[in-house]
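Participant: I'll drop the sequence and a predicted model, then ask my questions.
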Amino acid sequence: MIQMKILATFLLLVVINISPPVARSQDQQVVPYTLADRDRAIRMEARMEALEAKMDAKFSAVDTKFDAMNTKFDAMFDSVNKRIDYLFWMMGVMVALILFILGYIIWDRRTALKPALDKAEAADYRSLCLTRALRDYAKDHPDLANFLKIHGLL
């Protein structure tokens, strides 16, 4: 199958190469290149060069405008970046202040509770001492011992 395709392709190429060139018809005539054609080609070339120069000038003007826009965009993005940096800095300050306030609240509560805890501890110690003294005194006085038993202190 593949050999058949190769053979068909080869034969087609041979037939194409052997075929005679297309002959010109009698209606077609060769027109010589005249001086007017040469002048016309020169004028066309001059016009093309002038058009090319104009296009180059326009492109350079567009390039300068794009460069100006790029500098404006760069300046705008720089100012936005500065604002974002300022925003991050301010958020950092706010977080630091919040942490400071939380630390101060914890310190203040401990400081405020310390005297109260000391007083409660002193009162507990006094009541323990008073209870011991009353128990010792109740050993010699039976009516006090009866009273302490009623209230659950003995």
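Facilitator: Nice, thanks for sending it over. Everything quoted here is computed from the prediction, not taken from an experiment.
Participant: what is the longest helix along the chain packed up against?
Facilitator: When the chain is parsed with DSSP state H, its longest helix is helix 35-138. Counting contacts by 3 or more Cβ pairs under 8 Å, 6 or more residues apart in numbering; DSSP states H and E, helix 35-138 packs against helix 142-150. Any C-beta I mention is one placed from the backbone N, CA and C, and that applies to glycine too.
Participant: buried ones in the helix it packs on?
Facilitator: Residues of helix 142-150 classed as buried under the neighbour-count rule (16 or more other Cβ atoms under 10 Å) are Ala145, Leu148.
Participant: please list the outside residues in contact with that helix.
Facilitator: Applying Cβ atoms under 8 Å, 6 or more residues apart in numbering, the external contacts of helix 142-150 come out as Leu134, Arg135, Tyr137, Ala138, Lys139, Leu154.
Participant: tell me what angle that helix forms with helix 35-138.
Facilitator: Interaxial angle of helix 142-150 relative to helix 35-138 (axes from the mean of the first three to the mean of the last three Cα atoms, to 10 degrees): 150 degrees.
Participant: output stretch 145-154 as CSV, nothing but the C-alphas.
Facilitator: Taking C-alpha atoms only, stretch 145-154 is exported to CSV below (Å, rounded to 0.1, in the frame of the first residue of the first chain):
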residue,chain,number,x,y,z
ALA,A,145,-18.0,24.3,124.2
ASN,A,146,-21.7,23.6,123.8
PHE,A,147,-22.2,26.8,121.9
LEU,A,148,-19.3,26.0,119.5
LYS,A,149,-20.6,22.5,118.9
ILE,A,150,-24.0,23.9,118.0
HIS,A,151,-22.4,26.2,115.3
GLY,A,152,-20.0,23.5,114.1
LEU,A,153,-16.7,25.1,115.2
LEU,A,154,-15.7,22.4,117.7
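Participant: roughly how far is it from the heart of the chain?
Facilitator: Distance, stretch centre to chain centre, for stretch 145-154: 77 Å (Cα atoms, centre = their mean, to the nearest Å).
Participant: quick check: mean pLDDT of that stretch?
Facilitator: Averaged over stretch 145-154, pLDDT sits at 85.
Participant: so where is the chain shaky, pLDDT-wise?
Facilitator: For the chain, the stretches with pLDDT under 70 are 1, 19-31.
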